[in-house]
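J.: here is a sequence together with a model predicted from it:
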Amino acid sequence: MPPTVKAAMVYTVASFVTRGIHLITTPLFTRIMSVEQIGVVSNYSTWGSYFSTVVALGLTSGVINIALKDFKNDRIGYIKSSQSLATISAIAFGVVTALIYPFIEGFIGLPWYYMVLLFVTMLFGFSQSFWMSWQRYEYKYKAVGIVVISSSVLAAIGSLIAVIWAKRTGIEDLAFVRVFSSGLIALLFSVPIFIYFLTRKKPLFRKDYAIFSLQLGLPMVVHTFSKTVLSASDRVMINAMEGSTALGLYSVLYTVGSLSLIIWDSIDASYVPYMFEKLDKGDEHKKDVKKVSAILLFLFGIVSLLFSLFAPEMVWIIGGEQYMTAVYVAPPVAVGIFFIAMYNLYGDVLMYYKKTKYVMYCTLTAAVFNVVTNIIFIPKWGYIAAAYTTLASYALLAFIYYVVANKIAKEKIYNNGLFWAISLIVAIACLLCNLLYANTTIRYVVIAIMLVLAIVFHKRVIAIIKLIRNK
């Protein structure tokens, strides 16, 4: 088996294990911690995403892969220099934050010691990102797999044990206990890697490497930050406007609604090489892309609908009775995830034509739209409004990608009319599930009908999956 295939398998397994651990432990944490404490943890994670995106200066994104190719004779030297640059950026962030935090603490919604923990884990975490990219580039997939899986498992188990112990001993801030214990375990992996690069016999800092990294990395900060804003601004604004309890409800329900994203990631990972190969072969094979992409989008629409129909059961399993009042968040979140799948399909076209700069403009536009609509609607209708503004933002992003992709390709790669017809049907069907939550019998009848249809057409589904896997 080629190293690339082995590496892809290991990374896929590691990703599923990481997400699986999160899904398994979430029901345990929601039954030990209060809704408000869950909201604090979600708020901490959200701000961590924001700050790390900016502080990283784009060094840990696609820049590292380009650099590992261009500087193949001095990869460790480049990483050591980049580590120094990231360290300078992190220290500058820490100093500035310490000076202004008394003025922004109310908006951030976290005590100062949370920010200290965030700073320390971020400072050393960049080194682990550099190391993982280096290992992946050289197909040393076993080491990466071991680190990813072991750190995820240990962090989950360690934080769970710590929270249980803290609750029994009467410690009130269980949220900090959870993030501190998981952060401490993360440092057990990242600090040795930081020291490893620091002690290599290479220059601590090289100006030419830094200029190279910043020229490529800073533009990526805009795209990555916009993407983070698009996926997380709702949490920040819910916490600021509605409080940690509302954020706790929303974050758990968002976890339920976004479960389908795990399925789509696997589908898209197999579809992309299939699409690239077909487009390379010429016009006679493009009809296959139209057909398969439409079927995949339709099937994922069914998945989104099933998640909406089963939302009450999944909410009860993951969150418990105290989260059931927020079950109406699940359908709009599921529809939003569906539009993520749709814009991914058009984004794959942009990647094929190597027009990645348009990705930044598209994401930035949708992010701004998301922030504005959150500011307008969350104060009026609370955290449920955030689910709908996020849905609208992803729908807008899908539309922008659709326009740009067709302009770049100068032809219709996909059956656009069918795509939008499917999206309209899926959106209406999923949102109508809100009306079924009050009547379990009718909801189960609808589920039974869908399962019968799935059985009837299962051979065609299997045939499509085999077609993609064999290409």
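T.: Everything's here; your move.

J.: okay, and for the stretch 151-300 of the chain, where does confidence drop off?
T.: 257-258, 266, 269-270, 283-285 (pLDDT under 70).

J.: go with 80
T.: Residue ranges of the stretch 151-300 of the chain with pLDDT under 80: 216, 219-220, 222-224, 227, 231, 240, 253-263, 265-274, 276-277, 280-287.

J.: what are the boundaries of the strands in it?
T.: Read by DSSP state E, counting those that start in this stretch, the stretch 151-300 of the chain holds no strands at all.

J.: helices along that one, start to end?
T.: 174-198, 207-241, 244-257, 260-281, 286-309 (DSSP state H, counting those that start in this stretch).

J.: from the ones you listed, which stretch is densest packed?
T.: Each of the helices of the stretch 151-300 of the chain was scored by mean neighbour count; the highest is helix 244-257, a mean of 26, by mean count of other Cβ atoms under 10 Å. Every residue, glycine included, has its C-beta placed from N, CA and C.

J.: convert the C-alpha atoms of that one to CSV, please.
T.: What follows is helix 244-257, C-alpha atoms only, in CSV (Å, rounded to 0.1, in the frame of the first residue of the first chain):
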residue,chain,number,x,y,z
SER,A,244,-23.2,31.4,29.9
THR,A,245,-26.4,29.4,30.5
ALA,A,246,-27.8,30.2,27.1
LEU,A,247,-24.4,29.5,25.5
GLY,A,248,-24.4,26.1,27.3
LEU,A,249,-27.7,25.2,25.8
TYR,A,250,-26.8,26.4,22.3
SER,A,251,-23.3,24.7,22.3
VAL,A,252,-24.7,21.3,23.2
LEU,A,253,-27.5,21.6,20.6
TYR,A,254,-25.0,22.7,18.0
THR,A,255,-23.0,19.6,18.8
VAL,A,256,-26.1,17.5,18.1
GLY,A,257,-26.9,19.3,14.8
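
J.: just list what that helix packs against, helices and strands only.
T.: Packing partners of helix 244-257 (3 or more Cβ pairs under 8 Å, 6 or more residues apart in numbering; DSSP states H and E): helix 3-32, helix 35-55, helix 207-241, helix 311-318, helix 330-352, helix 383-409.

J.: report the angle between that helix and helix 174-198.
T.: 60 degrees (axes from the mean of the first three to the mean of the last three Cα atoms, to 10 degrees).

J.: contacts made by helix 244-257 with the rest, please.
T.: Taking contacts as Cβ atoms under 8 Å, 6 or more residues apart in numbering, the residues outside helix 244-257 that touch it are 23, 26, 30, 34-40, 42-43, 109, 234-235, 238-239, 307, 311, 314-315, 318-319, 323, 325-327, 329-334, 336-337, 382-383, 386-387.

J.: those, buried ones only, as a PyMOL selection?
T.: Selection of the buried residues among the contacts of helix 244-257 in PyMOL, burial being defined by 16 or more other Cβ atoms under 10 Å:
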select buried, resi 26+30+35+36+37+38+39+40+42+43+109+234+235+238+239+307+311+314+315+318+319+323+326+327+329+330+331+332+333+334+336+337+382+383+386+387
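
J.: avg pLDDT for stretch 347-357?
T.: Regarding stretch 347-357, the rounded mean pLDDT is 75.

J.: buried set for that stretch?
T.: Those would be 347, 348, 349, 350, 352, for stretch 347-357 by 16+ other Cβ under 10 Å.

J.: and these as a markdown table, adding distance to residue 374?
T.: Shown next, in a markdown table, are the buried residues of stretch 347-357 (distance: Cβ to Cβ, whole Å):
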| residue | distance to residue 374 |
| --- | --- |
| 347 | 23 |
| 348 | 28 |
| 349 | 29 |
| 350 | 27 |
| 352 | 33 |
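
J.: name the nearest residue to residue 85, ignoring sequence neighbours.
T.: residue 210 (5.3 Å; Cβ to Cβ, 6 or more residues apart in numbering).

J.: what's the distance between the one you found and residue 343?
T.: Computed as Cβ to Cβ, to the nearest Å, the residue 210 to residue 343 distance reads 34 Å.

J.: returning to that earlier point: out of the helices of the stretch 151-300 of the chain, flag the one nearest residue 370.
T.: Closest approach to residue 370 among these is made by helix 207-241 (5.4 Å; Cβ to Cβ).

J.: hang on, the earlier thing: residues in contact with the residue nearest to residue 85?
T.: Going by Cβ under 8 Å, 6+ apart, residue 210 touches 81, 82, 85.

J.: against residue 192, how distant is the nearest residue to residue 49 once chain neighbours are set aside?
T.: Distance criterion Cβ to Cβ, 6+ apart; nearest residue to residue 49, sequence neighbours excluded, is residue 228 at 5.0 Å. According to Cβ to Cβ, residue 228 and residue 192 sit 28 Å apart.

J.: among the contacts of residue 210, who's most crowded?
T.: Compared across the contacts of residue 210, residue 82 has the highest neighbour count, 29 neighbours, by other Cβ atoms under 10 Å.

J.: which SSE is that one in?
T.: Here residue 82 sits within helix 75-108, counting by DSSP states H and E.

J.: from the contact counts, what lies against the following helix or strand past that helix?
T.: Next helix or strand after helix 75-108 toward the C-terminus (DSSP H and E): helix 112-137. When contacts are defined as 3+ Cβ pairs under 8 Å, 6+ apart, helix 112-137 sits against helix 35-55, helix 62-70, helix 75-108, helix 141-168, helix 174-198.

J.: tell me, what residue is most central in the chain?
T.: residue 231 (7.7 Å; Cα atoms, centre = their mean).

J.: can you list the low-confidence ranges for the stretch 351-471 of the chain?
T.: In the stretch 351-471 of the chain, residues with pLDDT under 80: 351-360, 410-411, 450, 453-454, 457-471.

J.: circling back: ok, so of the contacts of residue 210, who is nearest residue 73?
T.: Of the contacts of residue 210, the one sitting nearest to residue 73 (Cβ to Cβ) turns out to be residue 81, at 14.2 Å.

J.: my guess is residue 58 contacts residue 221. True?
T.: Yes - the criterion here is Cβ atoms under 8 Å, and residue 58 meets it with residue 221 at 4.7 Å.

J.: re the thing from before, got the helices and strands packed on helix 112-137 as JSON lines, with distance to residue 396 columns?
T.: JSON lines is the format used below for the helices and strands packed on helix 112-137 (distance: least, Cβ to Cβ, whole Å):
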{"stretch": "helix 35-55", "distance to residue 396": "21"}
{"stretch": "helix 62-70", "distance to residue 396": "25"}
{"stretch": "helix 75-108", "distance to residue 396": "26"}
{"stretch": "helix 141-168", "distance to residue 396": "33"}
{"stretch": "helix 174-198", "distance to residue 396": "33"}
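
J.: show me what the helix or strand encompassing residue 378 is packed against.
T.: Per DSSP H and E, residue 378 falls inside helix 357-381. In this structure, helix 357-381 packs against helix 207-241, helix 330-352, helix 383-409, with contacts taken as 3+ Cβ pairs under 8 Å, 6+ apart.
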